[in-house]
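A.B. asks: When you get a sec, could you give me coordinates for this:
(4 chains)
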There are 4 protein chains.
Amino acid sequence: MSSELNFGNLSVSIFGESHGAGIGAVINGLPSGVELDMEKILDFMARRAPKKDGMSTRRSEKDTPEILSGFYNGKTTGTPLAAVIRNTDTRSQDYGNISTEARPGHADYTGFMRYKGANDPRGGGHFSGRLTAPLVFAGAVCAQVLEQRGILSCAHILAIDGVYDDAFDPLDVSTELMERVKKAEMPLINEAKADEMKARVHAAANDLDSVGGIIECAVTGLPAGIGSPMFDGLENRISTAVFGIPAIKAVAFGKGFGFAEMRGSQANDAMYMAGDTVKTKTNNNGGIFGGISSGMPVIFTAAVKPTPSIAQPQQTVDFKRNKDAELVIKGRHDACIVPRAVPAVEAAANIAILSFLV
Amino acid sequence: MSSELNFGNLSVSIFGESHGAGIGAVINGLPSGVELDMEKILDFMARRAPKKDGMSTRRSEKDTPEILSGFYNGKTTGTPLAAVIRNTDTRSQDYGNISTEARPGHADYTGFMRYKGANDPRGGGHFSGRLTAPLVFAGAVCAQVLEQRGILSCAHILAIDGVYDDAFDPLDVSTELMERVKKAEMPLINEAKADEMKARVHAAANDLDSVGGIIECAVTGLPAGIGSPMFDGLENRISTAVFGIPAIKAVAFGKGFGFAEMRGSQANDAMYMAGDTVKTKTNNNGGIFGGISSGMPVIFTAAVKPTPSIAQPQQTVDFKRNKDAELVIKGRHDACIVPRAVPAVEAAANIAILSFLV
Amino acid sequence: MSSELNFGNLSVSIFGESHGAGIGAVINGLPSGVELDMEKILDFMARRAPKKDGMSTRRSEKDTPEILSGFYNGKTTGTPLAAVIRNTDTRSQDYGNISTEARPGHADYTGFMRYKGANDPRGGGHFSGRLTAPLVFAGAVCAQVLEQRGILSCAHILAIDGVYDDAFDPLDVSTELMERVKKAEMPLINEAKADEMKARVHAAANDLDSVGGIIECAVTGLPAGIGSPMFDGLENRISTAVFGIPAIKAVAFGKGFGFAEMRGSQANDAMYMAGDTVKTKTNNNGGIFGGISSGMPVIFTAAVKPTPSIAQPQQTVDFKRNKDAELVIKGRHDACIVPRAVPAVEAAANIAILSFLV
Amino acid sequence: MSSELNFGNLSVSIFGESHGAGIGAVINGLPSGVELDMEKILDFMARRAPKKDGMSTRRSEKDTPEILSGFYNGKTTGTPLAAVIRNTDTRSQDYGNISTEARPGHADYTGFMRYKGANDPRGGGHFSGRLTAPLVFAGAVCAQVLEQRGILSCAHILAIDGVYDDAFDPLDVSTELMERVKKAEMPLINEAKADEMKARVHAAANDLDSVGGIIECAVTGLPAGIGSPMFDGLENRISTAVFGIPAIKAVAFGKGFGFAEMRGSQANDAMYMAGDTVKTKTNNNGGIFGGISSGMPVIFTAAVKPTPSIAQPQQTVDFKRNKDAELVIKGRHDACIVPRAVPAVEAAANIAILSFLV
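C.D. replies: Now for the predicted structure:
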């Protein structure tokens, strides 16, 4: 179902439009009796909020979710957990022209064709990156359920505009590192890269342009044997969830496209006994074989395309009048959405992983 | 569901083990009354069969599907279409040791953990690449339904071991090119690359090793407006289906990871009117915005890891006895499965695309 | 998924607890561009609201849904339509003892076991009949989509405590009759039965007891050929949706259990041509053969058990303390919920029927 | 999906047509490592086979399933379990006229409209009662998984043409009784009723007519707390599965339609402690409250309409030529299918119940 993840006994349904009354999520299939720390959920969501460093929009998004159901006496009830986030500070007049001229790189035209012109076009409507707020909420809830089972996840900026952070060591992703990355202003393993990345973003912004990047995510603590072969395993569910984030255009596990230039003798992860535990000497496969976890960290990357909203004039069409047009997008937009997409990728992974455990 | 694609009103369920009695597929939700040309289905499946050039196993796979239901008087009935492929020429003795020693890069250990040792280990069992035969069958059926609606797909080898074929022109993928590629001994756009690729494969085989690669797939004729935002759009369904093929470790749409080094002004696909039709001047987004088709060719790539079965001694574990082991894999194996995975990727795309149209 | 209807391309997800912050529904898969008349939706929901005649609780339920998304410029957008109904006038103190003593006939004990004591017990929590408010909302939305395609539905009280209304003529259910029934204070075909039914309800109430009944529902205008054989046809989807209403314990199509005493020559619906249209001379099968509509009215009945909440002392258990107990239920409760369940049954049918058409 | 049950992590997909090459089932989501006794499966299926007493068709159905996958070394593998039953003794010439004249009470016309004339009409095609053979196979497999967890089920003929068997004691359904019923020539609790029932069937057959009936099913050993509220609980899944059996027109839990004439004080099942176990003094609710098991036996009934195929001349239409017609059905048909539907109802229940436990 379009805006729902339906994974075995777990589902997450996302609703809302950027400039409508509110957005939200309904989570079905959570285990009952799990304590949820609302502060931690808000902390998780704050990682997605716009920053003050100029990398993100100046729009103030409070984004505080109100939980309507499924949460009682500080614990999950096991029945549907619903939360709503009100839309408040929106300036629809900035979007006055989008209903007739397609913003290149956005879904204005495809959405118009899909919904025969009836979808809410303001601010991208249901296609807006704002819809990642309820996704992040749902992922933050799942994170707590996972954490209580010893499973942790962490995403970071692997690259912005060609500037690369260090990658996770796929053999050993420590809890300390994960916690540090989550708390950082820029979610980086090598924080020294922050300035260079910011410089690239600012340079693009100065050019009325935007930049893309790569996000890497690790999941630790997942025991061996979780997942399934063929169409409903770890790779299928994770990719389905991650491609649900606007601007994600590629998902790769382990070495991903790097496998194309490897030989089997390099790519195969040799195995050994570490005490009673089976481990692999390398982890090129990102902790997944045949859609099932190996017990090693699950590692994947996702490509984020440059923010489509740029302030330069762009050639486009007025799709209601069927004629060419030149568009200058007004409004406030991030020159780089990679930092804000980091918690969304992590959230998507959390939902996918938890779905195998409930 | 693990070995099922459940996409809206269409489902494909795959069953079987490499060395069991038979493998097969059940397709639910096909439109009724669609003529199927069995010769074309067998031609499609033959593209997956082992070649005589040494790139593939010498095992003779007849793989002729018997249609048991859903096909009457030369047409689909609209009720479930089931087909079975018998397993015949199998030599289980070659696999005598796999039930105790994990083949690195394979799902032997993860499958053992997932199924508590009860799954059929012979030849990889349900994890075998052989399971792509019914997938290809299902994709070949879907291809004919799509073709009657003017939608064509074609996959080719984009790279083997660092040797690259030309990529599709994302603005114009001609029917002639697609037909030529499908009929070629090696599915390449630039056939002159065949020898160099084969040389790489043979070199790896001589080294008792294997190589990986990249497959590119294009779909033409899909009108604008097909798909959905968030979790059940073109990218989600295509990636779910393609990750169902063993050895696929990455899926990317349009420029994919290349977006990480692009600016928005380059990445956004400027739009224009071509007569009454909206087109884009570039097609970096692979014909998809917000999970929905733009009317331009849908283009994606998938990474294929090197065949895990190599004849070199490998460090591994005996996961029943919990001890280290050195494994030499016997049996017959492809040094490169990329060519055989090409029709599987195309088949997966066909199923995903058709699911939006029924 | 527990509190979701997932029917092909349509889904309805219901959330909330009786005494939580709010209840609501998310509808996915609605066609875009359908005008919705909010007044008609509120009229539909008002049919479910408590009456002033003593048959229903005196609790004032405003139950005005706030639409958060999926509705723009008076039309459906095609993206998820979400609505929230706030819980306001609730008196939790009346339910002080329910968290330890199971109310017989309710799901207190089974819910406790299912959710290991973590579910919200106040007023039945997620099991409350109050959850039919968002179901009725969703069904009211679907009704408008159906109506624009010439499909109408209507449910009425067929029986309360052994007093029977006339049944629909299964060969001809007129629009006028349907409209009259929907507007009536008691939804009856033969309004003369209202007094006798009310008398039964009042008699039961005087005895600190409650009564059950039967609801009949008709759907007209559905063309022949809608549905599917086996597990996902009209009967499967309608029964799944209708059994989602608390207190429904049986669903029957056409003659239902009456078939058990019929012969084939009576039960088969002889067919004839009415002009160009195939019709049946009788409609014992409720307009459904093999899970597929015949073009005749779809007719089904559903049994409603007596309200479990009665003011008499009842033998029960304290399921936390594992001991016998005698319970006297306080609070305000309907002595008969059949009238209020009527629009819920109709709503469930609307959702099920629409799911085959989108 | 039309011919699939998709229940949480378990799915059963049924395929085939009455006179095609074969019919079968694919079961996904079975636990791994469960021993299956093939003899018991064949015994279960034999209960569905035609009897020699004249109550069933004289057609010899061998119906021996060949398991193609998912079963290895005597145990389930956990991967898809597929089985095929070949169609052998079919006499299509008896059905020469069905493609143009609709058999009243059958799905000939509705199937024609649904599939635009492309479905296989021979012997009812995919709508045939023969499709219950793979359903019964799947239910027989599930029965063994359930049995190993202490859960037993048993269905019997509750009524044929107004002659009633004793009902199960809803408070106590003994294993001995269940075993006796399953082995009986006629599945009855009170075997003395067999002759009277047979007499009714023979009388109908002599009149070139047929009779209907009621089947009752009990499930014991299910612990309290299994199921879910609203749309995906015990009642929803059981009814969905049971309505998948051709000729079933009603499903009722516990007192079912009898609730319509009960008062709450009678209908509520008073609760008490039996040692450490919560029990109910009556079991009017069929062991289900709020879609969740109470620990008492689950009891439901299903109405079976009279066999539509009768040898009398019937008024019908030729739906290809759009004209009235008189039809005399040839071929061999059961005058009463109730006995053969008994194991199908039990099988459907087994699948539904197991789906909550995997």
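A.B. asks: When you work out contacts or count neighbours from here on, use the C-alpha atoms and nothing else.
C.D. replies: Noted.
A.B. asks: Quick check: residues of the stretch 1-150 of chain A near chain B?
C.D. replies: A:1-5, A:8, A:104-107, A:109-115, A:126-127 (C-alpha under 8 Å from any C-alpha of the partner chain).
A.B. asks: which of those come close to chain C?
C.D. replies: Answer for these near chain C (C-alpha under 8 Å from any C-alpha): A:M1, A:S2, A:S3, A:Y115, A:H126.
A.B. asks: Need the pLDDT of A:D63.
C.D. replies: Looking at A:D63, its pLDDT stands at 80.
A.B. asks: Skipping adjacent residues, who's closest to it in space?
C.D. replies: In space, and not counting its chain neighbours, A:D63 is closest to A:I85: 5.7 Å by C-alpha to C-alpha, 6 or more residues apart in numbering or on different chains.
A.B. asks: try A:K182
C.D. replies: A:C154 (7.1 Å).
A.B. asks: Verify the contact between that neighbour and A:A218 for me.
C.D. replies: Yes: the pair A:C154 and A:A218 passes the contact test of C-alpha atoms under 8 Å, sitting 5.5 Å apart.
A.B. asks: still on that earlier bit, which SS state does the residue nearest to A:K182 fall under?
C.D. replies: strand (DSSP: H, G, I helix; E, B strand; the rest coil).
A.B. asks: Might you report the residue contacts of it?
C.D. replies: Shown in contact with A:C154 (C-alpha atoms under 8 Å, 6 or more residues apart in numbering or on different chains): A:M178, A:V181, A:K182, A:C217, A:A218, A:V219, A:E346.
A.B. asks: Against A:R180, how distant is it?
C.D. replies: Distance from A:C154 to A:R180, counting by C-alpha to C-alpha, to the nearest Å: 10 Å.
A.B. asks: so what pLDDT did the nearest residue to A:Y115 once chain neighbours are set aside get?
C.D. replies: Closest residue in space to A:Y115, ignoring its immediate chain neighbours: C:S32 at 5.5 Å, by C-alpha to C-alpha, 6+ apart. C:S32 is assigned 98 on the pLDDT scale.
A.B. asks: Neighbours of C:S32, how many?
C.D. replies: C:S32: 19 surrounding residues under other C-alpha atoms under 10 Å in any protein chain shown.
A.B. asks: element containing A:I215, please.
C.D. replies: strand A:213-220 (DSSP states H and E).
A.B. asks: Mind giving me the packing neighbours of that strand?
C.D. replies: Helices and strands touching strand A:213-220, by 3 or more C-alpha pairs under 8 Å, 6 or more residues apart in numbering or on different chains; DSSP states H and E, are strand A:152-160, strand A:298-304, helix A:338-355.
A.B. asks: okay, the angle between the longest one and strand A:298-304?
C.D. replies: When you say that, I think you mean helix A:338-355. Interaxial angle of helix A:338-355 relative to strand A:298-304 (axes from the mean of the first three to the mean of the last three C-alpha atoms, to 10 degrees): 140 degrees.
A.B. asks: so how far is helix A:338-355 from its chain's centroid?
C.D. replies: Offset of helix A:338-355 from its chain centre (C-alpha atoms, centre = their mean, to the nearest Å): 5 Å.
A.B. asks: so where is chain A shaky, pLDDT-wise?
C.D. replies: Low-confidence segments of chain A (pLDDT under 70): A:51-61, A:89-99.
A.B. asks: doesn't A:G22 make contact with the residue nearest to A:D63?
C.D. replies: Yes: with contact defined as C-alpha under 8 Å, A:I85 reaches A:G22; the gap is 5.5 Å.
A.B. asks: Which parts of chain A are helices?
C.D. replies: Along chain A, counting by DSSP state H, helices occupy A:38-46, A:108-114, A:132-147, A:175-183, A:194-206, A:234-242, A:264-267, A:338-355.
A.B. asks: okay, the ones you listed in JSON lines with distance to B:G139 and mean neighbour count next?
C.D. replies: Shown next, in JSON lines, are those (distance: least, C-alpha to C-alpha, whole Å; neighbours: other C-alpha atoms under 10 Å in any protein chain shown):
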{"stretch": "helix A:38-46", "distance to B:G139": "41", "mean neighbour count": "17"}
{"stretch": "helix A:108-114", "distance to B:G139": "25", "mean neighbour count": "26"}
{"stretch": "helix A:132-147", "distance to B:G139": "33", "mean neighbour count": "25"}
{"stretch": "helix A:175-183", "distance to B:G139": "42", "mean neighbour count": "15"}
{"stretch": "helix A:194-206", "distance to B:G139": "43", "mean neighbour count": "18"}
{"stretch": "helix A:234-242", "distance to B:G139": "18", "mean neighbour count": "28"}
{"stretch": "helix A:264-267", "distance to B:G139": "28", "mean neighbour count": "24"}
{"stretch": "helix A:338-355", "distance to B:G139": "27", "mean neighbour count": "28"}
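A.B. asks: need these in JSON lines with distance to B:P246, can you?
C.D. replies: Formatted as JSON lines, those follow (distance: least, C-alpha to C-alpha, whole Å):
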{"stretch": "helix A:38-46", "distance to B:P246": "35"}
{"stretch": "helix A:108-114", "distance to B:P246": "32"}
{"stretch": "helix A:132-147", "distance to B:P246": "28"}
{"stretch": "helix A:175-183", "distance to B:P246": "31"}
{"stretch": "helix A:194-206", "distance to B:P246": "37"}
{"stretch": "helix A:234-242", "distance to B:P246": "11"}
{"stretch": "helix A:264-267", "distance to B:P246": "14"}
{"stretch": "helix A:338-355", "distance to B:P246": "20"}
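A.B. asks: can you tell me which of those helices comes nearest to B:G295?
C.D. replies: B:G295 sits nearest to helix A:108-114 of all the helices of chain A, at 8.6 Å, using C-alpha to C-alpha.
A.B. asks: Alpha carbons of that closest one, as CSV, please.
C.D. replies: Written as CSV, here are the backbone C-alpha positions of helix A:108-114 (Å, rounded to 0.1, in the frame of the first residue of the first chain):
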residue,chain,number,x,y,z
ASP,A,108,5.0,17.9,-9.3
TYR,A,109,4.4,16.6,-12.8
THR,A,110,4.4,12.8,-12.0
GLY,A,111,2.1,13.5,-9.1
PHE,A,112,-0.2,15.5,-11.3
MET,A,113,-0.4,12.7,-13.7
ARG,A,114,-0.8,10.1,-11.0
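A.B. asks: Can you name the residues in contact with that helix?
C.D. replies: A:98-99, A:102-103, A:117-119, A:121, A:124, A:319, B:224-228, B:289-290, B:292-294.
A.B. asks: Write out the residues of chain A neighbouring chain D.
C.D. replies: For chain A, the contact set with chain D under C-alpha under 8 Å from any C-alpha comprises A:G8, A:N9.
A.B. asks: Most widely separated two among the ones next to chain C among the residues of the stretch 1-150 of chain A next to chain B?
C.D. replies: Largest pairwise distance in those, by C-alpha to C-alpha, is 15.5 Å, between A:M1 and A:Y115.
A.B. asks: Can you check the ones next to chain C among the residues of the stretch 1-150 of chain A next to chain B and name whichever has the most neighbours?
C.D. replies: A:H126 (32 neighbours).
A.B. asks: separation between A:Q315 and chain B?
C.D. replies: Going from A:Q315 to chain B by C-alpha to the nearest C-alpha, to the nearest Å gives 5 Å.
A.B. asks: Contact partners for the residue nearest to that residue when sequence neighbours are not counted?
C.D. replies: Setting aside the residues directly before and after it, A:Q315 is nearest to A:E326 in space (C-alpha to C-alpha, 6+ apart), at 4.8 Å. By C-alpha under 8 Å, 6+ apart, A:E326 lies in contact with A:P313, A:Q314, A:Q315, A:T316, A:V317.
A.B. asks: Then A:D318?
C.D. replies: A:D318 neighbours (C-alpha under 8 Å, 6+ apart): A:T100, A:E101, A:A102, A:D324, A:A325.
A.B. asks: Can you tell me which of these end up in strands?
C.D. replies: Mapping those onto strands (DSSP state E) picks out A:D324, A:A325.
A.B. asks: Pipe the contacts of A:D318 into a markdown table and attach neighbour count per row.
C.D. replies: A markdown table is the format used below for the contacts of A:D318 (neighbours: other C-alpha atoms under 10 Å in any protein chain shown):
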| residue | neighbour count |
| --- | --- |
| A:T100 | 19 |
| A:E101 | 25 |
| A:A102 | 27 |
| A:D324 | 17 |
| A:A325 | 20 |
